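S.K.: Predicted model, plus sequence, below.
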Amino acid sequence: MNVKSKEVYRKMTGRKYLFLLSILVAIFLTFILDIMTGPASLSAKEVISTIFFPAYSERSVQVIVWTFRLPVALMAVVTGITLGLAGANMQTILDNPLASPYTLGISAAAGFGAAMAIVFGVGVLPFAETLFVPVNAFVFSLLSCMAIYGIARFKRATSETIVLTGIAVLFLFDSLLALLEYTANPEQVQAIVFWLFGSLTKTTWTTLGITVGIVLLVIPLLAIDVWKLTALRLGDDKAKSLGVNVERMRLKGLILVSVLTSTAVAFVGTIGFIGLVAPHIARMLVGEDHRYFLPFSALSGAFILSTASVLSKVVVPGIIFPIGILTSLIGIPFFVWLLLYKKRGYW
Amino acid sequence: MKLEIKNLKFGYNSTPVLKSVNMVAEPMVTAIIGPNAVGKSTLLKCICGILKAEGSIVFNGKDLKEYRKDEVIKTISYLPQESSTSAVMTVLEATMLGKINSLGWRIKDEDLSASMDTLEKLGIEDLAMRPMNELSGGQKQMVSIAQSIIRKPKVLLMDEPTNSLDLQRQLELFDVIQTITEDNGMTTVVALHDLNLAARYAGNVVLMNGGKVVASGSPASVITEAMIRKVYGVNARVTLDGEGIPQVIPINSTRKCRIKKAITG
């Protein structure tokens, strides 16, 4: 037994666990802060005691916390996890730092699918009417993923081609959405526009439950592939020589990305840049061993969206600012910084 | 343990690249040489199973088609021409990936120990904690070798491992390759452009041209002035050093340079 190996490994993983613990604490703090802020301010003590001992709280505080703010605050965390995971997985399988559901048009496709359900009240698959919006979002996001995948496979497209295809997909669905808005009546347009801004306020315990269920379903499917995903980062040929079925991994990954993105888009609307930024933060802090990279990307996403949820209530007092606009406003400068100052060759 | 390649054929779409390749590699360093686009890289990819070719690849008397997939992965290790430069992971993590099939959520002590032992064997244990994206080209190549030999393969395939390395690093790298090949009784096959490196470090040289093996044998028997003129279209002087190893000094191209012709008329 090489004694030094254990010591080196402990030092390496210790640092990563410290980061994981720190972000968990940060998420807990923003989560509590998210429930505290709103038209009626609550203290941290009130929030915590109402969550854990609701029977001992005032009825009005109980209603504010349990009916209005808790599902929203939880949805912020869970949607952040969803988008963080989708972005991390996408960047790995497409081997591209600019890949994310938002930049490659998958969110736009899901948005178009959902808007179609809102305007025409029809679903592309024969599901119950209540599921038209999420199912349409899923079908269109899957279509866009497959288009990107198809181009990526076609004559071994380069990373740049994939991004450009994604941009084409983004423009295509943005145009289709504009066409849909053009044909819709004013009420429908208002519904689409409000919904596209991205908002957590529509959250109910049911939509939260579905989102949590989907995330819980996807996590084990990603967890069994952590080493294969890590190996993908060494390049296709190396991964193949290690026995990784690269094509199957890509296909599976894109389906999972579609499921995650469409869930987020269907229930919360289009939330930009979290899927792009969260994996980069994770990469810088814990590296790309996917046992740490995936959870940290998910938690970074949760932290960003939870923080954005708090900010959305305090930016303009008395008004809940659309969260999608806020994440884009925070995300764009970060994105530009990322492009201009790629420190120490992180990708 | 011999690696025998019999009648191997492969093409991309309808373009044939390997046209009935036959060769034998013994437990030593075998260099595959030849001009660009003659199928050297394709041959290595076919041997390790990344590309599916017609014909047979026999190792230790058994066709690779009869091996289980995990047995092939355990037996053959392949180092592609371009190793990833952007992966953000430590050297120790990257080395461990070589044993991907035995890795779980919790790293076993034996895998950890094997990783460190391999780094120590290559003299790069000080790099264990360093991120891959901060290493130099030579250091990255050493880590790739560590990743390849950690599972103690019987066949090591390397595609242009000295690309982008300076002269000193090239020699150091081949010293390492030669030592691990001898120590572990491995069959190492290296695709190379540098004829002098092939001559100095390979026990057997295989010359490819037009998707076929056109010569094979000792470096002195394959690397000759006549061969270089015929296959590479280059006039060169080949002398044998004190150990009988050929040394190649290129002189000029046998084809009149088009640019020169355009300038001088």
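M.R.: Everything's here; your move. Nothing here was measured: the structure is a model prediction, and the numbers come from that model.

S.K.: gap between A:F293 and B:M89?
M.R.: Relative to B:M89, A:F293 is positioned 9 Å away (Cβ to Cβ, to the nearest Å). For every residue, glycine as well, the C-beta is placed using N, CA and C.

S.K.: for A:Y56, same thing?
M.R.: 49 Å.

S.K.: Compare the two (neighbour count), which wins?
M.R.: B:M89 (25 against 9; other Cβ atoms under 10 Å in any protein chain shown).

S.K.: Now do the shared contacts for A:F293 and B:M89.
M.R.: A:230, A:287 (Cβ atoms under 8 Å, 6 or more residues apart in numbering or on different chains).

S.K.: Would you mind pulling the contact partners of stretch A:147-154?
M.R.: With Cβ under 8 Å, 6+ apart, stretch A:147-154 has contacts from A:94, A:104-106, A:157, A:161-162, A:165-166, A:169, A:247, A:250-251, A:254.

S.K.: Dihedrals phi and psi, the residue nearest to A:K6 when sequence neighbours are not counted?
M.R.: In this structure, A:K6 finds its nearest non-sequential neighbour in B:L112, 6.3 Å apart by Cβ to Cβ, 6 or more residues apart in numbering or on different chains. According to degrees, to the nearest 10, the main-chain angles of B:L112 amount to phi -60, psi -40.

S.K.: Show the contacting residues for B:L112.
M.R.: A:2, A:5-6, A:9, B:96.

S.K.: Can you tell me which of the residues you listed lies closest to A:S262?
M.R.: Among the contacts of B:L112, B:M96 lies closest to A:S262 (Cβ to Cβ), at 35.2 Å.

S.K.: Could you confirm whether any residue of the helix or strand harbouring A:F293 contacts chain B?
M.R.: For A:F293, the enclosing helix or strand under DSSP states H and E is helix A:290-314. Yes. Using Cβ under 8 Å from any Cβ of the partner chain, helix A:290-314 reaches chain B at A:R291.

S.K.: how about that helix: buried residues?
M.R.: Counting neighbours by 16 or more other Cβ atoms under 10 Å in any protein chain shown, one finds that the buried residues in helix A:290-314 are A:290-313.

S.K.: cool, stretch A:4-14 as well?
M.R.: Across stretch A:4-14, burial judged by 16+ other Cβ under 10 Å covers A:4-5, A:8-9, A:12-13.

S.K.: Check these one by one and keep those near chain B.
M.R.: The overlap between the buried residues of stretch A:4-14 and the neighbours of chain B (Cβ under 8 Å from any Cβ) comes to A:4-5, A:8-9, A:12.

S.K.: Kindly reformat these as TSV containing pLDDT and secondary structure.
M.R.: Listed next are those as TSV, based on pLDDT from 0 to 100; DSSP: H, G, I helix; E, B strand; the rest coil:
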residue	pLDDT	secondary structure
A:K4	77	helix
A:S5	78	helix
A:V8	83	helix
A:Y9	87	helix
A:M12	86	helix
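
S.K.: Among the residues you listed, which pair sits farthest apart?
M.R.: A:K4 and A:M12 (12.3 Å).

S.K.: Overlap in contacts, these two.
M.R.: With Cβ under 8 Å, 6+ apart as the test, A:K4 and A:M12 reach no residue in common.

S.K.: A:V286 against A:F293, yeah?
M.R.: Yes. At 6.2 Å, A:V286 and A:F293 qualify as touching, with contact defined as Cβ atoms under 8 Å.

S.K.: For the stretch 151-300 of chain A, list the residues in contact with chain B, please.
M.R.: A:223, A:226-228, A:230-231, A:233-235, A:237-238, A:240-244, A:283-284, A:287-289, A:291.

S.K.: Looking at the residues you listed, which are in helices?
M.R.: Secondary structure from DSSP state H places A:223, A:226-228, A:230-231, A:237-238, A:240-241, A:283-284, A:291 of these in helices.

S.K.: for the longest helix seen in chain B, what is the average pLDDT?
M.R.: Selection of the longest helix in chain B by residue count, based on DSSP H, yields helix B:167-184. Helix B:167-184 carries an average pLDDT of 91.

S.K.: That helix: how far from the chain's middle?
M.R.: Computed by Cα atoms, centre = their mean, to the nearest Å, the chain-centroid distance of helix B:167-184 equals 12 Å.

S.K.: how near is the residue in the stretch 1-150 of chain A that chain B sits nearest to to B:S102?
M.R.: Nearest to chain B, among the residues of the stretch 1-150 of chain A, is A:S5, at 3.4 Å (Cβ to the nearest Cβ). Between A:S5 and B:S102 the computed distance is 15 Å (Cβ to Cβ).

S.K.: With A:G105 instead?
M.R.: Applying Cβ to Cβ to A:G105 and B:S102 gives a distance of 39 Å.

S.K.: try A:V72
M.R.: 45 Å.

S.K.: Can you pick out the residue with more neighbours from those two?
M.R.: Each of A:V72 and B:S102 has its neighbours counted (other Cβ under 10 Å); A:V72 has more, 22 against 14.

S.K.: Pretty sure that one sits in a helix.
M.R.: Yes. Under DSSP: H, G, I helix; E, B strand; the rest coil, A:V72 sits within a helix.
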